[in-house]
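Participant: fold the following.
(one chain, ligands or ions: 1)
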Amino acid sequence: MTFADGTVHHKKLDGNSAIRNAQRKVVEFNAAAAAAAVTAAAQPRENEAETPVRLACGHVAFITDPKIVGWLSVEGEKAYYCRTCEADQVITAAGPGALRTPGT
Ligand SMILES: [Zn+2]
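Facilitator: Residues are numbered from 1 along each chain as shown. All right, here's what the predicted structure looks like:
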């Protein structure tokens, strides 16, 4: 019986050790993820300044001028020159949602 108790006790120690190792791995992973996030934030994305706008004619225009992008956030109806139509068209959507085709 003494031998059996000793075996159970030994298994408990192994279990605790395994949990400690797992916790240490989680901490290491979090540190690596945080370092990766900082690196990603420091490098600007290629299309960061491009804001898509959907025009009343159905075409999508990409605005790269930060001043015009800021103007888009102002309330009210706006028009933007559509190069395909060669005419001013009312902006119906701006931002990532403008890339979605209406009705889908
Ligand atoms: Zn157009």
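Participant: going forward, measure contacts between C-alpha atoms and count neighbours the same way
Facilitator: Will do.
Participant: could you find the closest non-adjacent residue to V90?
Facilitator: Of all residues not flanking V90 in the chain, A79 sits nearest, at 4.0 Å (CA to CA, 6 or more residues apart in numbering).
Participant: separation between the one you found and the ion?
Facilitator: 11 Å (CA to the ion, to the nearest Å).
Participant: contacts only, for that residue.
Facilitator: By CA atoms under 8 Å, 6 or more residues apart in numbering, A79 lies in contact with L55, D88, Q89, V90, I91.
Participant: what strand or helix carries A61?
Facilitator: strand 60-63 (DSSP states H and E).
Participant: just checking: what are the partner strands of that strand?
Facilitator: strand 51-55 (antiparallel) (DSSP bridges).
Participant: which other residues reach the partner strand?
Facilitator: For strand 51-55, using CA under 8 Å, 6+ apart, the contacting residues are 60-64, 69, 79-80, 82, 89-96, 98-99.
Participant: switch the cut-off to 6 Å
Facilitator: Residues outside strand 51-55 that contact it (CA atoms under 6 Å, 6 or more residues apart in numbering): V60, A61, F62, I63, Q89, V90, I91, T92, A93, A94, G95, A98.
Participant: now D88: phi and psi?
Facilitator: phi -70, psi 130 (degrees, to the nearest 10).
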